[in-house]
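**Q** one predicted model, sequence on top.
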Amino acid sequence: MTDTTNAPAAPSNPPPSQAMKKSAWSRFLTATELDTRLIGMVAALILIWGGFHLYGVMVNGQGFFLTPRNLWNLSVQTASIGIMATGMVLVIITRHIDLSVGSILGFTAILMGMMQVNILPQYLGLGHPAIWVITVIFGIICGMLIGGFQGALIAYGGIPAFIVTLGGLLVWRGCAFLVARGETISPVDSTFTLLGGGPYGSVGFMGSWIVGAIICAGVIFMIVNGRKQRTKFQFAKRPIWADTFLAVLGCAAAIGAVLLVNSYPWPTGIVKQYIAANNLTVEPSELFISHGFAIPVLILMVVAVTMNFVMNNTRFGRYVFAIGGNPEAAALAGIDTKWMTVKIFAIMGGLAGLSAVVASARLNSATNALGTLDELYVIAAAVIGGTSLAGGVGTIFGAILGALVMQSLQSGMVLIGFDAGMQQVVVGSVLVLAVFLDILYRRKSK
Amino acid sequence: MSANSPIDRTGTPLVEMRNISISFGGIQAVDDVTVDLYPGEVVGLLGHNGAGKSTLIKILSGAYAADSGEIYVNGEKATITNPRDARDYNIETIYQTLALADNLDAASNLFLGRELTTKFGMVDDAQMEAECRKIMKRLNPNFRKFGEPVSALSGGQRQSVAIARAVYFDAKILIMDEPTAALGPQETQMVAELVQELKRQGLGIFLISHDIADVMELCDRVSVMKNGQLVGTENVADVTDDDILGMIILGKKPGQKAA
């Protein structure tokens, strides 16, 4: 770095200490360029987590929420909704809605179930290593075709997205039932099930550290690269301390996550199986085998990073925002807004297909009811994550945080023993409250 | 002041729109209209609301496709079916609504649809912001809000973003739809100066306006439309305000009885 001369944040003309104290927080925000909304969401998440844990401690004598086991489970449960929420961000930014994602999930899960249980083994033989690959690709393509078809009806047919996808909600759920005649398809391919998580569907101790290292390297690369760009064009740079702070924060979060997932051991039953399978002569209690990151969580991470890249670094992403901000202006700028709509809905459908992989692999079966009501959780996750229903505004990581908030509430209430009715009341209320707070925030920031 | 230095109209016109017609659901919005534009010339398009000015101009900028008629650019027949085609002929438009995406910053709007990319095909925000700073320095030196969405800008600042978009990409033919409608006196003056400067550079400009004073000051010729039809095209030097008013309101040419 060539600019270390002005690195310390010591201002050349220090303002009176009173003013400095007052504005320390806002100067911190300006320097780090952190989004206040993002900080608010993380704070809300910490509150929810802490609240559930404390409630458990005080009422039930033991808190279960902030345990490696629960948080690991939470991460797996978030994956399916989180994957779809990244696509819903695009749909909502462009002022549309997709009510059909839960049904597309159910239908593609059934199609994949048929593919890997009834069709592929006939030609490849049961347990062939290519089965899961073909099935996954098939499922994602089916989802994309369904989504793209709906997108075409919206873009070229001029039918409102609400209606097309409301129809899709019924049609695809019905198709799922018709195709499988209401039967549950099980068990699915044994490699395929690993994509749903579980002790075997996790990358283990070493794998998790490798993932953590990659994340840290990515964080540092992005910060250094950002500095380089700003230097090249002589834009104002973040102070060194702010960049360092962000790098440390990012790496600490990654390392913390690795430590967490590595401190959740395989359950004794699985360890016994493992010992028997490998002819080991140790007591199950002596063997501590870490879960590590679950594969669906890694899938979510890859989807999130990819979608975030698409939104912020490609023309496609720029056009998504432009269409959301002013569809007419986008069209006048030569953007083919109709074809964009088809592509956006195709991506949404493809992600629903991918979620179907995770969801059906986790259950080790495909049922036509899979993903019922998911559309509401997905939309809620995107909206809680700061995607504006008026269009033009939204972030991928916000939506994933939103999914995490929804899932935390859900599983937290199960842990402390709220009954189903109460859970629905709370989740519904939180959604409305979150959007209200968001509106207040936007009003204030204007 | 007058901008009416003689224009050389012996060569090929920059643009000719010949016998253009378009209708929307039975309403003939533009009916057999022919207009042309020479290098270094400003042609005013006048008429009441709904006279068909904006529709005619949207055909040239590619937003609408004409039902019939032809467009010639530099004497060659041009096919313009979408805004991209128009841009390929160096036709740039500043719309009355400005056509800005409010949630994007100035640089993103400036390059919308024509983003600069890195060698890996990624949008190059830093490069675009640097270019945006350069052109804004020229057009509006007081412009500072590069990092904020354009919804946070004042009317004049938004206008300068829209103008920058037309100027940056080396327009040969510029369409300005009510460029001063939302501006204060000072900003209007800025636009007037810009028009003069672009004229000197040899651009042809179609200026849509309601304001006859504007037109008399800035334009070399006026084409007046009424009910979708062209009333006539006159040299500004040869007519008075009242003549033009007569064309707009009564649809009659100077020296002619009311049609």
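**A** That came in fine, so what should we check first? Values in this document were obtained by computation on a predicted structure and should not be read as measured data. Numbers count the residues shown, from 1 in each chain, chains lettered A, B, ... in the order given.

**Q** count the residues that sit near A:Q150.
**A** 29 (other CB atoms under 10 Å in any protein chain shown). No exception for glycine: its C-beta is placed from N, CA and C like everyone else's.

**Q** middle-most residue in the chain, spatially?
**A** Chain wasn't specified; assuming chain A. Compute the mean C-alpha point of chain A, and by CA atoms, centre = their mean the closest residue is A:G82, 2.8 Å away.

**Q** wrong one, I was asking about chain B
**A** For chain B, the residue nearest the mean C-alpha position is B:I175 (1.5 Å; CA atoms, centre = their mean).

**Q** chain neighbours aside, what residue packs nearest to it?
**A** Closest residue to B:I175 apart from its sequence neighbours, by CB to CB, 6 or more residues apart in numbering or on different chains: B:T93 at 4.3 Å.

**Q** now do the closest residue to B:A101 other than its chain neighbours, the pLDDT please.
**A** Of all residues not flanking B:A101 in the chain, A:G325 sits nearest, at 3.4 Å (CB to CB, 6+ apart). The model reports A:G325 with a pLDDT of 94.

**Q** again, but for B:A3
**A** 46.

**Q** A:L29 now?
**A** The per-residue pLDDT reported for A:L29 equals 83.

**Q** now swap in A:I159 and tell me
**A** 97.

**Q** that's a strand at A:I214, yeah?
**A** No: under DSSP: H, G, I helix; E, B strand; the rest coil, A:I214 sits outside any strand and is assigned helix.

**Q** related to what we said a few turns ago, and the residue nearest to the centre of chain B, bridged to which residues?
**A** B:T93, B:F206 (DSSP bridges).

**Q** how near is it to B:R84?
**A** Counting by CB to CB, to the nearest Å, the separation of B:I175 from B:R84 is 15 Å.

**Q** related to what we said a few turns ago, just give the number of residues close to the residue nearest to B:I175.
**A** There are 26 residues near B:T93, going by other CB under 10 Å.

**Q** need the contact list for it.
**A** Residues in contact with B:T93 (CB atoms under 8 Å, 6 or more residues apart in numbering or on different chains) are A:332, B:57, B:61, B:86, B:99, B:166, B:174-177.

**Q** which one of those residues sits closest to A:M413?
**A** Lowest distance from A:M413 to the contacts of B:T93 (CB to CB) belongs to B:A99, with 48.1 Å.

**Q** thought the closest one was touching A:G334?
**A** No: look at B:A99 against A:G334 with CB atoms under 8 Å: they stay out of range, at 11.2 Å.

**Q** now the terminal residues of stretch A:52-71, how far apart.
**A** End-to-end distance for stretch A:52-71, by CA to CA, to the nearest Å: 12 Å.

**Q** distance from the chain centre to that stretch, please.
**A** The chain centroid and the centroid of stretch A:52-71 are separated by 24 Å under CA atoms, centre = their mean, to the nearest Å.

**Q** pull out the buried residues from that stretch.
**A** A:52-53, A:55-56, A:63-65, A:67-68, A:70-71 (16 or more other CB atoms under 10 Å in any protein chain shown).

**Q** what does the stretch 101-250 of chain A put close to chain B?
**A** Within the stretch 101-250 of chain A, the positions near chain B by CB under 8 Å from any CB of the partner chain are A:229-230, A:232-233, A:235.

**Q** buried subset of those?
**A** A:229-230.

**Q** can I get the helix or strand hosting B:S108 in PDB, CA atoms only?
**A** Take DSSP states H and E as the rule and B:S108 turns out to sit in helix B:106-110. Extracted in PDB, the C-alpha atoms of helix B:106-110 (Å, rounded to 0.1, in the frame of the first residue of the first chain):
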ATOM      1  CA  ALA B 106     -25.100   8.800 -11.600                       C
ATOM      2  CA  ALA B 107     -22.400   6.600 -13.200                       C
ATOM      3  CA  SER B 108     -24.700   3.600 -13.400                       C
ATOM      4  CA  ASN B 109     -27.400   5.700 -15.100                       C
ATOM      5  CA  LEU B 110     -24.900   7.300 -17.400                       C
END
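
**Q** please state the offset of the next helix or strand after it from the chain centre?
**A** Reading on from helix B:106-110 to the C-terminus, the next helix or strand found by DSSP H and E is helix B:125-139. Distance of helix B:125-139 from its chain centroid, counting by CA atoms, centre = their mean, is 22 Å.

**Q** likewise stretch B:84-93?
**A** Distance, stretch centre to chain centre, for stretch B:84-93: 12 Å (CA atoms, centre = their mean).

**Q** ok, back up a step: wait, the residue nearest to the centre of chain A sits on A:A304?
**A** Yes: if you go by CB under 8 Å, A:G82 and A:A304 touch, sitting 7.4 Å apart.

**Q** identify the contacts common to the two.
**A** Going by CB under 8 Å, 6+ apart, residues that sit against A:G82 and also against A:A304 are A:I400.

**Q** what stretches of the chain score poorly on pLDDT?
**A** By default, I'm working from chain A. Filtered on pLDDT under 70, chain A yields the residue ranges A:1-22, A:445-446.

**Q** try chain B instead
**A** B:1-6, B:255-259.

**Q** which parts of the stretch 51-200 of chain B are helices?
**A** Assigned by DSSP state H, counting those that start in this stretch, the stretch 51-200 of chain B shows helices spanning B:53-60, B:83-88, B:106-110, B:125-139, B:155-168, B:185-200.

**Q** who are the packing partners of the third one?
**A** Okay, so that is helix B:106-110. Other helices and strands packing on helix B:106-110, by 3 or more CB pairs under 8 Å, 6 or more residues apart in numbering or on different chains; DSSP states H and E, are helix A:315-325, helix B:125-139, helix B:155-168.

**Q** helix, strand or coil for A:F309?
**A** helix.

**Q** compute the number of surrounding residues for it.
**A** Neighbour tally, A:F309, other CB under 10 Å: 13.

**Q** identify the residues contacting the helix or strand hosting A:V164?
**A** Here A:V164, judged by DSSP H and E, is contained in helix A:161-180. Under the contact criterion CB under 8 Å, 6+ apart, helix A:161-180 has outside partners A:91, A:96-100, A:102-104, A:106-107, A:109-111, A:113-114, A:146, A:150, A:153-154, A:157, A:345, A:366, A:368, A:370, A:372, A:375.

**Q** buried residues, that helix. List them.
**A** So for helix A:161-180, counting by 16+ other CB under 10 Å, buried means A:161, A:164-166, A:168-169, A:171-173, A:175-177, A:179-180.

**Q** can you tell me how far the nearest residue to B:D85 once chain neighbours are set aside sits from B:M225?
**A** Nearest non-adjacent residue to B:D85, counting by CB to CB, 6+ apart: B:G62, 5.3 Å away. Distance, B:G62 to B:M225, by CB to CB: 20 Å.
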